[in-house]
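Enquirer: coords please:
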Amino acid sequence: MRVVGFNGRARKGGTAVVAVRRAGAMHAFDTMNHFFLIGEMIVPGSSYWNIGIGREIGDVEKDEEGVATMRTLGRNMAWLLKRLDGEG
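Expert: Numbering: from 1, shown residues only. Now for the predicted structure:
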């Protein structure tokens, strides 16, 4: 039996980011977020799924929608972390 309560990750921020060539992105994204949620963490969202697509090294940086999503995610994570730290 698992006792629910404070653990080392509870009430901290975390979110999944996935870089893929093709298939499997949603399954990987979902699985990683389950890890955060079962650890009682707070998971900020973005404007779309936190996924970047590219085949070769560096290609993900050319995924304009993915890069825009990560910028939004970064702003949301920064906002969350400031709130959790009592700054805002």
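
Enquirer: next, the buried residues of stretch 29-46.
Expert: By 16 or more other Cβ atoms under 10 Å, the buried positions in stretch 29-46 come out as 29, 32-33, 36, 41-42, 44, 46. Bear in mind the C-beta positions are built from the backbone N, C-alpha and C, glycine included.

Enquirer: mind checking how far the helix ranked longest in the chain is from the chain centre?
Expert: For the chain, the helix with the greatest residue count under DSSP state H is helix 64-84. Centre-to-centre, helix 64-84 and its host chain are 9 Å apart (Cα atoms, centre = their mean, to the nearest Å).

Enquirer: and if you look at stretch 29-37?
Expert: 9 Å.

Enquirer: how about stretch 18-35?
Expert: The answer for stretch 18-35 is 10 Å, by Cα atoms, centre = their mean.

Enquirer: what of stretch 38-55?
Expert: 3 Å.

Enquirer: what about it, how long is it end to end?
Expert: 32 Å (Cα to Cα, to the nearest Å).

Enquirer: can you pull the contacts of the closest residue to residue 49 other than its chain neighbours?
Expert: Nearest residue to residue 49, sequence neighbours excluded (Cβ to Cβ, 6 or more residues apart in numbering): residue 29, at 6.0 Å. By Cβ atoms under 8 Å, 6 or more residues apart in numbering, the contact set of residue 29 is 16, 18, 49-51.
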